[in-house]
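# pasting the structure only:
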């Protein structure tokens, strides 16, 4: 077992680190306070290929692996949780299902511009009455001639108003399973600008404030028949597969936030003096830092292992990476919350002031325990595998 | 158009300079980076490639680990890489270095050679012009703008208080300033390709028309008596002028005292 990174991964990490420091960090505080989507950063991410990292070159991507993509999300999130989730939602939740389930035509038409970063992607599963429980879906799609007609709404959609291509789930009928009728769910690709597709409320959030989180509304929205993604009725499987991958992205985001807070705090405790010595010289600080660093390292190993497992899956689709992804997300998110909270505490009063950054990281960390499956859902996934 | 960019892997001086007990640079203890002026030269070459189409070859002389700087250049968009490495080339000063690099370049076709103005570890600014001298081609140093028209290059050559517009026929050599441009980042895909790419490695035997008396430590006329880090400046003198006129008198007086004016 070799825990060292390859030359490629070392170089990629340095690249992401430099980019994050120079291009992302200077904006992090301002966009958080102004709740402003960092379009200029997205343009730069696109220019350098960061929006198509695990996609094959023939489809406009970089031809790298999932670990490289996870490291990109991690390094962006070290300095800005919002930028991390923009990359993650685009790559894991929109590009990945199109690359996995799309027809050659769909890959050419939608995945290519997404991977090149010419377009931004989003994913719509959650509804006011359906989050974790996908069977609660109310959005409907009815086939009318050569078009599907969508009616309903989706909420809490990341990259909401800023995206160009959306993977949307809707009920397309009923199926009988073990004597019970269940909703048949299908996945669709919807483009921004399609008549009948509008935006509702912009959410005013606790953290990842610069991320564009919107309600999507479909009113007799007609999309071409060929925009059905995967087979009709396979939507639930597509959603679950997508979220498994998405969890690696969010786990990487959580890991990055925890690392960013820890790095900031290590620098701070060496400077801050109380009772005639730096707080780094206090044993309480030393022990807290040691515990945090150990947990962050454990989280990193889980995240990288899940990414490596997904890479293995691309070569051998018979294996599953769902448990690894759930463990990585569960642990990294809880570590992010714990570490950022302790980092605020170690900063004392300054930790509560926006200027010092750790306050933002603590707010950003919270969402990683909630979206793309709450920590409770991750525990369900992990235990179901243990008890099957 | 064929462009050769000469680059050097240097210790990153950002985190301070570290020395071995014998006074030589402890390169192992410092992060190695591509020299900033050379990176600007590479970016200039890549922009010419984007604009006019060109084949960009990066070349370096150094230890085997200097291949890292070449891989970075490939990941930014260079097409080919050449590493000149050999024990007998070690300890070279600017003369021996330029002789060696010129000997390597004689094996290659080129229209334009771009080097950085100077490296942050030696700050001599001699190697670029010396290479041109060995190859008997024109050199334009301190370039802040480069334009190509047919087989001519027009370069804005910077001075402290003015610039010259200089035109030359290719083949020629240009030395680039880090102010020339903002170098691009690598791309993730570029990194993966660069790590798989083959780097041409040449040793002493591959150098063309180079005499043994002009290479390595033995072929280096420069002798370094002593090396040291920058001397830290003291706290300085503080004055509390009574009026703006008084402040001017103090400043002008000090400048005269130091023979600045």
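Sure thing, it's come through. Quick caveat, the model's predicted, so the values are computed rather than measured. Residues are numbered from 1 along each chain as shown, chains lettered A, B, ... in the order given.
# Show me which residues of stretch A:68-86 are buried.
Under the neighbour-count criterion of 16 or more other C-beta atoms under 10 Å in any protein chain shown, stretch A:68-86 has A:68-86 buried. C-betas here are computed from N, CA, C, even on glycine.
# Which ones among the residues you listed map onto helices?
If you go by DSSP state H, these have A:68-79, A:81-86 in helices.
# Against chain B, which of those residues make the cut? List them.
A:68, A:72 (C-beta under 8 Å from any C-beta of the partner chain).
# can I assume residue A:166 sits in a strand?
Yes - using DSSP: H, G, I helix; E, B strand; the rest coil, the secondary structure at residue A:166 is a strand.
# who are the neighbours in contact with the closest residue to chain A within the stretch 151-261 of chain B?
Using C-beta to the nearest C-beta, residue B:189 is the residue of the stretch 151-261 of chain B that sits closest to chain A, at 3.4 Å. Counting by C-beta atoms under 8 Å, 6 or more residues apart in numbering or on different chains, residue B:189 makes contact with A:49, A:57, A:61-64.
# so who does residue A:304 touch?
By C-beta under 8 Å, 6+ apart, the contact set of residue A:304 is A:67, A:70.
# secondary structure element for it?
Residue A:304 belongs to helix A:283-315 when elements are defined using DSSP states H and E.
# With adjacent residues omitted, what lies nearest to the residue of the stretch 51-200 of chain A found nearest chain B?
Closest to chain B within the stretch 51-200 of chain A is residue A:62: 3.4 Å, counting by C-beta to the nearest C-beta. Nearest residue to residue A:62, sequence neighbours excluded (C-beta to C-beta, 6 or more residues apart in numbering or on different chains): residue B:189, at 3.4 Å.
# Can you list the buried residues in the helix or strand where the one you found lies?
Assigning secondary structure by DSSP H and E places residue B:189 in helix B:188-196. Buried residues in helix B:188-196, defined by neighbour count with 16+ other C-beta under 10 Å: B:188-195.
# Could you do stretch B:159-179 as well?
B:166, B:168, B:170-178.
# The residue lying closest to residue B:134 once chain neighbours are set aside and chain A, how far apart?
Excluding the flanking residues, the one nearest residue B:134 by C-beta to C-beta, 6+ apart is residue B:102, at 3.6 Å. Distance, residue B:102 to chain A, by C-beta to the nearest C-beta, to the nearest Å: 30 Å.
# Tell me who's in contact with residue B:102.
Contacts of residue B:102 by C-beta under 8 Å, 6+ apart are B:130-131, B:134-135, B:210.
# Which ones among those residues lie within strands?
The strands, defined by DSSP state E, take in nothing from those.
# how about those residues in JSON lines, adding pLDDT?
Listed next are the contacts of residue B:102 as JSON lines, based on pLDDT from 0 to 100:
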{"residue": "B:130", "pLDDT": "94"}
{"residue": "B:131", "pLDDT": "95"}
{"residue": "B:134", "pLDDT": "96"}
{"residue": "B:135", "pLDDT": "97"}
{"residue": "B:210", "pLDDT": "90"}
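# Can you give the distance of the worst-scoring helix or strand of chain B on mean pLDDT from its chain's centre?
Every helix and strand in chain B was compared by mean pLDDT, DSSP states H and E; the lowest is strand B:9-11, with a mean of 89. Distance, stretch centre to chain centre, for strand B:9-11: 10 Å (C-alpha atoms, centre = their mean, to the nearest Å).
# and for that strand, what are the contacting residues?
Residues from elsewhere that reach strand B:9-11, judged by C-beta under 8 Å, 6+ apart: B:17-18, B:25, B:27, B:30-35, B:60, B:62, B:65-66, B:68-69, B:119-121.
# downstream neighbour of that strand in the secondary structure list?
Next element after strand B:9-11 (DSSP H and E): strand B:32-34.
# and the next element down the chain from that next one?
On the C-terminal side of strand B:32-34, the closest following helix or strand by DSSP H and E is helix B:36-52.
# buried set for that next one?
For helix B:36-52, the neighbour count (16+ other C-beta under 10 Å) marks B:36-49 as buried.
# looking only at pLDDT, what's the mean for whichever helix or strand comes after that helix?
Downstream of helix B:36-52, the next assigned helix or strand under DSSP H and E is strand B:55-61. Here strand B:55-61 scores 97 as its mean pLDDT.
# Measure how strand B:55-61 sits relative to helix B:36-52, angle-wise.
Strand B:55-61 runs at 160 degrees relative to helix B:36-52, counting by axes from the mean of the first three to the mean of the last three C-alpha atoms, to 10 degrees.
# Now do strand B:55-61: everything it contacts.
With C-beta under 8 Å, 6+ apart as the contact definition, strand B:55-61 has outside contacts at B:1-9, B:42, B:45-46, B:49, B:66, B:69-70, B:73-74, B:77-85, B:89, B:92, B:97, B:100-101, B:104-105, B:108, B:110.
# What of stretch A:306-321?
Residues outside stretch A:306-321 that contact it (C-beta under 8 Å, 6+ apart): A:65-67, A:69-70, A:244-245, A:247-248, A:251-252, A:324-325, A:327-328.
# Inside helices: which ones of those?
A:66-67, A:69-70, A:244-245, A:247-248, A:251-252, A:324-325, A:327-328.
# wait, which of these is closest to residue A:263?
Checking these against residue A:263 with C-beta to C-beta, the nearest one is residue A:252 at 16.1 Å.
# How about the contacts made by the closest one?
Residues in contact with residue A:252 (C-beta under 8 Å, 6+ apart) are A:70-71, A:73-74, A:77, A:84, A:88, A:303, A:307, A:332.
# do residue A:77 as well
By C-beta under 8 Å, 6+ apart, residue A:77 lies in contact with A:83-85, A:252-257, A:260, A:364.
# Give me the next element, helix or strand, following the helix or strand bottoming out on mean pLDDT in chain A.
Here the helix or strand of chain A ranked lowest by mean pLDDT, DSSP H and E is strand A:273-274, holding a mean of 91. Later in the chain than strand A:273-274, the nearest helix or strand by DSSP H and E is strand A:277-278.
# Check the average confidence over that next one, would you?
Taken as a whole, strand A:277-278 has a mean pLDDT of 94.
# tell me which residues of the helix holding residue A:304 are tucked away?
The neighbour-count check on helix A:283-315 (16+ other C-beta under 10 Å) flags A:285, A:288-289, A:292, A:295-296, A:299-300, A:302-311, A:313 as buried.
# residues touching residue B:98, list them.
B:126-127, B:130-131, B:133-134.
# With residue B:7 instead?
Going by C-beta under 8 Å, 6+ apart, residue B:7 touches B:34-35, B:38-39, B:41-42, B:58-60, B:69-70, B:73, B:116.
# Could you rerun that using 7 Å?
Counting by C-beta atoms under 7 Å, 6 or more residues apart in numbering or on different chains, residue B:7 touches B:34-35, B:38, B:42, B:58, B:60, B:69, B:73.
# swap in residue A:71?
Residues in contact with residue A:71, defined by C-beta under 7 Å, 6+ apart, are A:9, A:12-13, A:16.
# do residue A:39 as well
For residue A:39, no contacting residues are found, by C-beta under 7 Å, 6+ apart.
# Residue B:107: helix or strand, and which one exactly?
Counting by DSSP H and E, residue B:107 is part of no helix or strand.
# Pop out the phi and psi values for it.
The phi/psi pair for residue B:107 (degrees, to the nearest 10) reads phi -90, psi -10.
# re the thing from before, for the buried residues of helix B:188-196, could you give me JSON lines that also reports pLDDT?
Formatted as JSON lines, the buried residues of helix B:188-196 follow (pLDDT from 0 to 100):
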{"residue": "B:188", "pLDDT": "98"}
{"residue": "B:189", "pLDDT": "98"}
{"residue": "B:190", "pLDDT": "97"}
{"residue": "B:191", "pLDDT": "98"}
{"residue": "B:192", "pLDDT": "97"}
{"residue": "B:193", "pLDDT": "97"}
{"residue": "B:194", "pLDDT": "97"}
{"residue": "B:195", "pLDDT": "97"}
